[in-house]
Every structure is written in C-alpha cells, then in structure tokens.
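>>> just the structure for this:
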Amino acid sequence: MEFFRTTDKGVVVNIVVQPRSSKTMITGIHNNALKVKLTSPPVDGEANKTLVKFLSKLFKVPKSSIEIIKGETSRTKQVLIPGDNTTKDRVISILEPLAPN
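You can find the predicted model right below:
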C-alpha cells in the first residue's frame, strides 16, 4: 500500500504526526504514512493548523484548500491536497522520492 494516491480531486496523503517536536519537518515514511514532526502541541487543533501550514508551503497550495479528510483528532491522518493535473504532478514529484524502494 502506498502512502499517497491520486483521485479526481487531487492527491490523498496518509500522514502520521509527532507533535511537540523541536522542528516541523518530514522525517520519512512510517507504516505506509508520511511521518511529519510538528512543533505545536496536539491541543485545540494547533497541530492540525501547523500541519496544514507546513503542507501548504511544501506543495505550494493555499492553506484553505487543504483538507484533513480523516483523523482530525488522531495522530494518523488522511489529507487531501486538491488540484488539477499540474498540482498533482508537483505533489507526486515531491512525494515519490520519499517512497521506500
């Protein structure tokens, strides 16, 4: 199972977050999910806000378009990065090198 897949609406990425880290960053793939460390705590949606902001910058899409479609209150999430074929290609070009061989 891949940690991301394309749909008609965009790219869905499986993500596992680690809140309260010293730096917001991608650390690799863990259990078929993109592992992302976040500086914010998992309180009052702060971790989700930090994740959306980070993904927005990484994939060059508006924050308002990114949607957490599963796992709003969980460390394991599915996030939709919406867009046309150009956006999908850009997202895939960033994610593919992270995929385990």
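
>>> what's the local residue count around residue 50?
20 (other CB atoms under 10 Å). No exception for glycine: its C-beta is placed from N, CA and C like everyone else's.

>>> packing partners of the worst-scoring helix or strand of the chain on mean pLDDT?
Within the chain, no helix or strand scores below helix 85-95, which has a mean of 91 by mean pLDDT, DSSP states H and E. For helix 85-95, the packing partners by 3 or more CB pairs under 8 Å, 6 or more residues apart in numbering; DSSP states H and E come out as strand 4-6, strand 10-18, helix 46-59.

>>> so what touches it?
Helix 85-95 has contacts (CB atoms under 8 Å, 6 or more residues apart in numbering) with 3-4, 6, 10-11, 13, 34, 58-61, 81, 83.

>>> strand 10-18 and that one, what's the angle between them?
Here helix 85-95 runs at an angle of 30 degrees relative to strand 10-18 (axes from the mean of the first three to the mean of the last three CA atoms, to 10 degrees).

>>> what sits against the closest residue to residue 47 other than its chain neighbours?
In space, and not counting its chain neighbours, residue 47 is closest to residue 19: 4.6 Å by CB to CB, 6 or more residues apart in numbering. Counting by CB under 8 Å, 6+ apart, residue 19 makes contact with 38, 40, 41, 42, 47, 75.

>>> and residue 62, by the same measure?
residue 56.

>>> phi, psi of it?
Here the main-chain torsion angles of residue 62 (degrees, to the nearest 10) amount to phi -60, psi 140.
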